[in-house]
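1. no letters, just coordinates:
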């Protein structure tokens, strides 16, 4: 026993030689500073005036002014963009999760000829990110009369979220024991009832993951809304941030404040759902 | 996810359920019912997917054969002229080269840094969750927000320059976004800031799948930490690394939002990408036939990469499913 503990101690000592403890904490601190500081800087900078920023970009606001944030938060521009983003993201997420779970149910718990072909059709969508299709989609939506329409962005976003949704949901639904289904059928339930009452509630963790992924993807999309929307009333938050910046080029402090505010919804969703999001991404990739 | 699946005993196929069930309807009616159920379940998703993922691409291939402004009838058929225009144009070559440079830089810089940081976080840091949260945060911001933020920070005389001067590195101050020789690397740095957390989290998940006993056993047998890393950890991490490479290259090929907001592909096309090229030449000049051609070319490039990668690197991984579709 003593020999083993001695060896263990050797192992631990050996690990330390790879990079000394203070050095590794230093590296981690630097990384943290680089990731977090720019975001903090935007938030704090929003409390300055542009004159203060011009005088010294790296001083704390003196005095702190609430004006920039107040103006933005009382303007319809910001809230309209938040509302547009939210409507589009909710529709896209709802569609992706509903249709995705239907497809995943059919592809996981039915056997029929061509099942794998259907699955692979959806999987192939992963090779083809939304940005690549933005211009063709614009042309198609124009034909359909869906240009400059919130639905014209929500529908393609839902469609492009289907692959990841199905890839995550299918193995999950497949892993739910067949005995549960047998029992439900013996008790007189139809397969639809089994799907709605048993399979979907059991798949909740996976449904939350795919829901968050679809929501965040839609919330952050830029190129598709950029080509689809011509009127500013329809701008989503990413479009609004970019256009606010080009409108108020000289008013740096206001741009900071707008940028900081536009980070908050995404960061809030993230802190709220961190574990699920990370787990979902990793799960998606591990297939 | 994977763990959850493992925990639950693998379920049986629905149809393998005992056939001896009392009072079931005749076989033909059951078959009809199943077909109806499948149609109801699969119909809507397939219509949505085909309608908005497959059809636009088919249309793009069709439009790419025309000289078309996007309005009015398709009448000016020009065969493959758009393709020769795109494929022989030096400006497109330059854009493609930039995409490739970003992809290669990601491989030689982002990947080793991600692996190093993931190893560090995996080995000894206690508040790993907090750190993971912190490095992952930029990933959830939209590229647009990140781009606006860095555009502001990198203005001449702006916060980054002021910081460099404050710490005595004033000599490093440059026109980050206005210098034709530097701008592409600035864009790469911002993309790294945005996406490195994703790589770290992915690799951490991969590392946690490696039993610590393996490393301990090797260390007990006298392997140095470097040897343990090189001969045990990295090979076992290889599947995760290969997936990261795949996602990173596909992402580099379709880079747009960051670049467009920070530089619009400029100055003088020094930071153009295939998609900014498409936006300038297709959308802004309303040459939609030409723009559609760029979509098709980009799609083919992604597909060729995916197939080649599948063939030579991903074959044994579960993630091969991503690309096995088209094999």
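-> Right, received. Where do you want to start? Because the structure is a prediction, the values reported are computed rather than measured.
2. quick one: buried residues of stretch A:238-248?
-> Across stretch A:238-248, burial judged by 16 or more other Cβ atoms under 10 Å in any protein chain shown covers A:238, A:239, A:240, A:241, A:242, A:243, A:244, A:245. Placement of C-beta: from N, CA and C, glycine included.
3. name the nearest of those relative to residue A:151.
-> Distance to residue A:151, by Cβ to Cβ, is smallest for residue A:239 among the buried residues of stretch A:238-248, at 16.6 Å.
4. any residue of stretch A:228-243 touching chain B?
-> Yes: using Cβ under 8 Å from any Cβ of the partner chain, stretch A:228-243 reaches chain B at A:237, A:238, A:239, A:241, A:242.
5. any regions of the chain where pLDDT drops low?
-> You didn't say which chain, so I picked chain A. Applying pLDDT under 70 to chain A picks out residues A:1-20, A:274-287.
6. ah, I was thinking of chain B
-> Within chain B, the stretches with pLDDT under 70 are B:1-25, B:123-128, B:314-327.
7. residue nearest the centroid of it?
-> The residue lying closest to the centre of chain B (Cα atoms, centre = their mean) is residue B:251, at 3.0 Å.
8. so it touches residue B:195, yeah?
-> Yes: shown here, residue B:251 and residue B:195 form a contact pair, counting by Cβ atoms under 8 Å, at 7.2 Å.
9. how far does stretch B:41-58 stretch from start to finish?
-> 25 Å (Cα to Cα, to the nearest Å).
10. ignore the last one, stretch A:140-151
-> Terminal residues of stretch A:140-151 lie 13 Å apart, using Cα to Cα.
11. please apply the same query to stretch B:256-269.
-> Start-to-end span of stretch B:256-269 (Cα to Cα) is 13 Å.
12. what's in contact with it?
-> Stretch B:256-269 has contacts (Cβ atoms under 8 Å, 6 or more residues apart in numbering or on different chains) with A:131, A:222-223, A:238, A:242, A:245, B:91, B:94-95, B:142-144, B:146-148, B:150-151, B:154, B:177-180, B:183, B:186-187, B:190-191, B:194, B:270-273, B:275-277, B:279-280.
13. and stretch B:190-197, by the same measure?
-> Contacts of stretch B:190-197 (Cβ under 8 Å, 6+ apart): A:34-35, A:38, B:102, B:106, B:109-110, B:113-114, B:117, B:135-139, B:141, B:143, B:146-147, B:150, B:248, B:251, B:255, B:258, B:262.
14. quick check: buried residues in stretch B:65-76?
-> Neighbour counts using 16+ other Cβ under 10 Å place B:65, B:66, B:67, B:68, B:70 of stretch B:65-76 among the buried residues.
15. ditto for stretch B:285-292
-> B:287, B:288, B:289, B:290, B:291, B:292.
16. next one: stretch B:103-114
-> For stretch B:103-114, burial by neighbour count (16+ other Cβ under 10 Å) applies to B:103, B:105, B:106, B:110, B:111, B:114.
17. is it up against chain A anywhere?
-> No: applying Cβ under 8 Å from any Cβ, one finds stretch B:103-114 separated from chain A by no less than 9.0 Å.
18. residues in contact with residue A:108?
-> If a contact means Cβ under 8 Å, 6+ apart, then residue A:108 has A:169, A:170, A:171, A:173, A:174 as its contacts.
19. does chain B sit close to the helix or strand containing the fourth one?
-> In other words, residue A:173. Secondary structure from DSSP states H and E places residue A:173 in helix A:150-174. Yes: judged by Cβ under 8 Å from any Cβ, helix A:150-174 and chain B are in contact via A:155, A:156, A:158, A:159, A:160, A:162, A:166, A:167, A:168, A:171, A:172, A:174.
20. out of the residues you listed, the closest to residue B:204 would be?
-> Distances from residue B:204 to the residues of helix A:150-174 next to chain B, taken by Cβ to Cβ, are shortest for residue A:168, at 19.2 Å.
21. residues near that closest one, how many?
-> For residue A:168, the number of neighbouring residues by other Cβ atoms under 10 Å in any protein chain shown comes to 26.
22. wait, isn't it in contact with residue A:206?
-> Yes: with contact defined as Cβ under 8 Å, residue A:168 reaches residue A:206; the gap is 5.7 Å.
23. TSV for the buried residues of stretch A:238-248, including secondary structure and distance to residue B:129?
-> Shown next, in TSV, are the buried residues of stretch A:238-248 (DSSP: H, G, I helix; E, B strand; the rest coil; distance: Cβ to Cβ, whole Å):
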residue	secondary structure	distance to residue B:129
A:238	helix	28
A:239	helix	34
A:240	helix	33
A:241	helix	29
A:242	helix	33
A:243	helix	37
A:244	helix	34
A:245	helix	34
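24. from those residues, which is closest to residue B:202?
-> residue A:238 (24.1 Å).
25. grab the nearest non-local neighbour of residue B:263.
-> Nearest residue to residue B:263, sequence neighbours excluded (Cβ to Cβ, 6 or more residues apart in numbering or on different chains): residue B:271, at 4.7 Å.
26. let's verify the one you found: helix, strand, or coil?
-> At residue B:271 the chain is in coil, as set by DSSP: H, G, I helix; E, B strand; the rest coil.
27. against chain A, how distant is it?
-> As judged by Cβ to the nearest Cβ, to the nearest Å, residue B:271 and chain A stand 16 Å apart.
28. pretty sure that residue is touching residue B:99, no?
-> No: using Cβ under 8 Å, residue B:271 makes no contact with residue B:99, being 10.8 Å away.
29. using the three-state scheme, assign the closest residue to residue B:106 other than its chain neighbours.
-> Excluding the flanking residues, the one nearest residue B:106 by Cβ to Cβ, 6+ apart is residue B:248, at 4.8 Å. Classification of residue B:248 using three-state DSSP returns helix.
30. mind listing what residue B:248 touches?
-> Shown in contact with residue B:248 (Cβ under 8 Å, 6+ apart): B:103, B:106, B:107, B:110, B:111, B:195, B:199.
31. now do residue A:265
-> Contacts of residue A:265 (Cβ under 8 Å, 6+ apart): A:82, A:85, A:219, A:237.
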